[in-house]
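**Q** pasted the sequence and its predicted model underneath.
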Number of protein chains: 2
Amino acid sequence: MEGQVQKRRILLVVAYDGTNYHGWQLQPESVTIEGVLNETLSSLFQEEIQVIGASRTDAGVHAYGNVAVFDTTARIPAEKIPYALNRKLPEDIRIQRAVQVAEDFHPRRCESRKTYEYRILNTKFPIPQKRLYSHWTYYDLDVERMQQAAECLIGEHDFKSFCSVNTQAESTVRRLYELYVGRDAGSPEEIVIRVTGNGFLYNMVRIIAGTLIEVGRGRLEPEDVARMLEVKDRQSGGPTAPARGLTLVEYHFVELEDKKLEKPSEIG
Amino acid sequence: MEGQVQKRRILLVVAYDGTNYHGWQLQPESVTIEGVLNETLSSLFQEEIQVIGASRTDAGVHAYGNVAVFDTTARIPAEKIPYALNRKLPEDIRIQRAVQVAEDFHPRRCESRKTYEYRILNTKFPIPQKRLYSHWTYYDLDVERMQQAAECLIGEHDFKSFCSVNTQAESTVRRLYELYVGRDAGSPEEIVIRVTGNGFLYNMVRIIAGTLIEVGRGRLEPEDVARMLEVKDRQSGGPTAPARGLTLVEYHFVELEDKKLEKPSEIG
């Protein structure tokens, strides 16, 4: 009679530069974040491992703190996993943290808040060092108008006008806790849109960004955005801003509050 | 009898991501910024063009505002050159500005001030999106100690201890007008060293950065830096910090003050 091997569920906070990936989700013919994590974990722990991701980011989208969980029989302490894994991962993916969680914890089936950031480089000519992590536009954007327009989106709303028609979501109602528009204090030629919500529809942040850019350059009025929300029709929303400007900043899971999944940047 | 074709001298402000280049200076077997500019300008204007660069940055070093001049018989207005050139350049090089200057203006033979920035990412684990433009260190750096140590370097000094032994400079005396150490306001996990001077010796900013990192992590005392200056011996200086953290931010030429070569980020 063989003894049952105890499996633990481990949660990873994952940062990546999405430039060279076909997004998060596993695809047979393309290199994806999920695919690389599965391969690297399976090779490290010598067992077949499949991660479950919290957010299936699109091709070209970046993350400081996406989340994935996986099950393993390996007995390595959770806090040592980032060191072991980072040695084997390509340099555009880096684990920021690992903690053990309940066996049934599922990152897409529990209450969470997540924060995205959309960066716009607003200069006369592109700046090469910013090209992979921001969307460049030479139209002179009025940040105050963008702030005004953003206000009506905060709170619980039906975001159908700000959602790709390809969505599979049953409900298009979401709650935004915060939607900030301002210049980066250390790099004032970059405008940052920072948004925290209980969930986001497909392309929602990129459509909000595309719409606010239209307001900033004067092609839409701030009041138009409230009207877009009301009509609940994607046709009325602004364009979808490019993927490269978007970064998934962080996740907060209500049931893991004590695990402290803060911004990965802090010195531990 | 053929008429003499009038040549004009044009100054370019050049931004580049140095990651994929073997530095500025022309090399027969390697891709360099100078080489790409020569080829692109020659092809655009259908005449042989060779630029003269202000700063021959090393492999992996970046720029927001390096400067190059070249002579051309082409009659295109100077302010249209960035648009024409940027359409033909690879996306990791972008012209920020072009102005006509005196025929004998030489960017290395006139009085100038230049500003460099050195970025340190001080986090427990690397952040992939920052890897090409900052030097990552997990030692917890004390910024106040680094500021203290930096003070003694401001002003006119013999920087022999902060200069690669490979230098060809006749004098190792330089004047620093400003040397700032602080956290990036928009990204506080990044420490920025910003230095303006009338000239810099070979590897000087990277040795200053390497030395300040030693102070920040506690392996040197702030007072040690003043002693290093005094002994005038490279052996006494700190290590040379990696190229990827270094960016040439901008040039000011005293005789071109009215041409306003400001930071390229402003909307023109």
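**A** Sure, I can see it.

**Q** state the distance from residue A:170 to residue A:201.
**A** Look at residue A:170 and residue A:201: by C-beta to C-beta, to the nearest Å, they are 11 Å apart. C-beta here means a position set from N, CA and C on the backbone, and glycine is covered the same way.

**Q** which one's more surrounded, these two?
**A** residue A:201 (20 against 6; other C-beta atoms under 10 Å in any protein chain shown).

**Q** where exactly do the helices run in chain A?
**A** Taking DSSP state H as the test, the helices found in chain A are A:33-45, A:81-88, A:143-151, A:204-216, A:222-231.

**Q** tell me the mean pLDDT for stretch A:87-101?
**A** Mean pLDDT, computed over stretch A:87-101, is 97.

**Q** and it with chain B, contact?
**A** Yes. On the criterion C-beta under 8 Å from any C-beta of the partner chain, stretch A:87-101 is in touch with chain B at A:91, A:92, A:93, A:94, A:95, A:96.

**Q** and stretch A:208-222, how far apart are its ends?
**A** 12 Å (C-alpha to C-alpha, to the nearest Å).

**Q** same question, stretch A:121-138
**A** One end of stretch A:121-138 to the other measures 8 Å (C-alpha to C-alpha).

**Q** and chain A, which residues reach chain B?
**A** Proximity of chain A to chain B (C-beta under 8 Å from any C-beta) is limited to residues A:15-17, A:62, A:64, A:82, A:86, A:91-96, A:122-129, A:131-133, A:138, A:140, A:184-190, A:192, A:247, A:264-268.

**Q** show me which of these are buried.
**A** The neighbour-count test (16 or more other C-beta atoms under 10 Å in any protein chain shown) marks A:15-17, A:62, A:64, A:82, A:86, A:92-96, A:122-129, A:131-133, A:184, A:187, A:189-190, A:192, A:247, A:264-265 as buried among the residues of chain A next to chain B.

**Q** okay, now the unreliable bits of chain A?
**A** Within chain A, the segments meeting pLDDT under 70 span A:1-4, A:258-268.

**Q** now the strands: where do they sit in the stretch 151-268 of chain A?
**A** A:155-158, A:173-184, A:187-197, A:246-253 (DSSP state E, counting those that start in this stretch).

**Q** most tightly packed of the ones you listed?
**A** strand A:246-253 (a mean of 22; mean count of other C-beta atoms under 10 Å in any protein chain shown).

**Q** residue A:222 and residue A:144 touch, don't they?
**A** No. Taking contacts as C-beta atoms under 8 Å, residue A:222 lies outside contact range of residue A:144: 9.1 Å.

**Q** more neighbours, these two?
**A** More neighbours surround residue A:222 than the other of residue A:222 and residue A:144, with 19 against 11 (other C-beta under 10 Å).

**Q** which residues touch the more buried one?
**A** Residue A:222 is in contact with A:145, A:148, A:149, A:215, counting by C-beta atoms under 8 Å, 6 or more residues apart in numbering or on different chains.

**Q** what of residue A:94?
**A** A:14, A:15, A:16, A:86, B:125, B:126, B:127, B:128.

**Q** those residues in strands, which ones?
**A** The strands, defined by DSSP state E, take in A:14, A:15, A:16 from the contacts of residue A:94.

**Q** need those residues in CSV (columns: distance to residue A:257).
**A** Shown next, in CSV, are these (distance: C-beta to C-beta, whole Å):
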residue, distance to residue A:257
A:14, 20
A:15, 21
A:16, 25
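
**Q** quick check, nearest of these to residue A:46?
**A** Ranked by distance to residue A:46 (C-beta to C-beta), these are led by residue A:14 at 21.2 Å.

**Q** quick one, what contacts that closest one?
**A** A:33, A:37, A:63, A:65, A:66, A:67, A:68, A:93, A:94, A:95, A:96.

**Q** kindly reformat the contacts of residue A:94 as CSV containing distance to residue B:113.
**A** Below are these laid out as CSV (distance: C-beta to C-beta, whole Å):
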residue, distance to residue B:113
A:14, 43
A:15, 37
A:16, 39
A:86, 41
B:125, 37
B:126, 33
B:127, 32
B:128, 34
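
**Q** of these, closest to residue B:234?
**A** When the contacts of residue A:94 are compared against residue B:234 (criterion: C-beta to C-beta), the nearest one is residue B:126, at 29.3 Å.

**Q** now for the residue nearest to residue A:114 when sequence neighbours are not counted: which residues touch it?
**A** Using C-beta to C-beta, 6 or more residues apart in numbering or on different chains and skipping residues adjacent in sequence, the residue nearest residue A:114 is residue A:251, 5.1 Å away. Applying C-beta under 8 Å, 6+ apart, we find residue A:251 in contact with A:13, A:54, A:55, A:65, A:66, A:67, A:107, A:112, A:113, A:114, A:261.

**Q** now stretch A:162-174: buried residues?
**A** Of the residues in stretch A:162-174, A:162, A:163, A:169, A:172, A:174 count as buried by neighbour count, 16+ other C-beta under 10 Å.

**Q** run a quick neighbour tally on residue A:70.
**A** Counted with other C-beta under 10 Å, residues neighbouring residue A:70 total 21.

**Q** all the strands of the stretch 1-150 of chain A, in order from the start?
**A** According to DSSP E, counting those that start in this stretch, the strands that the stretch 1-150 of chain A contains are A:8-16, A:52-53, A:62-72, A:93-101, A:112-121, A:135-136.

**Q** closest one to residue A:158 among these?
**A** strand A:112-121 (19.2 Å).

**Q** who does that closest one touch, helix- and strand-wise?
**A** Judged by 3 or more C-beta pairs under 8 Å, 6 or more residues apart in numbering or on different chains; DSSP states H and E, strand A:112-121 is in contact with strand A:135-136, strand A:173-184, strand A:187-197, helix A:204-216, strand A:246-253.

**Q** widest-spaced pair of the buried residues of stretch A:162-174?
**A** Within those, A:162 and A:169 form the most distant pair, 11.9 Å apart (C-beta to C-beta).

**Q** list residues touching both of those two?
**A** With C-beta under 8 Å, 6+ apart as the test, residue A:162 and residue A:169 both reach residue A:201.

**Q** quick one: which of the ones in strands among the contacts of residue A:94 is nearest residue A:72?
**A** residue A:14 (15.9 Å).

**Q** now do the spatially closest residue to that closest one that is not a sequence neighbour against residue A:107, distance only.
**A** Leaving aside its sequence neighbours, residue A:14 sits nearest to residue A:66 (C-beta to C-beta, 6+ apart; 4.9 Å). Per C-beta to C-beta, residue A:66 is found 9 Å from residue A:107.

**Q** overlap in contacts of these two?
**A** Common neighbours of residue A:66 and residue A:107, using C-beta under 8 Å, 6+ apart, are A:53, A:54, A:251.

**Q** between those, which is closest to residue A:118?
**A** Minimum distance to residue A:118 across these is 17.2 Å, recorded for residue A:251 (C-beta to C-beta).

**Q** do you know how far that closest one is from residue A:95?
**A** Residue A:251 is 14 Å from residue A:95, where distance means C-beta to C-beta.

**Q** and what of residue A:152?
**A** From residue A:152 across to residue A:95, the span is 38 Å (C-beta to C-beta).
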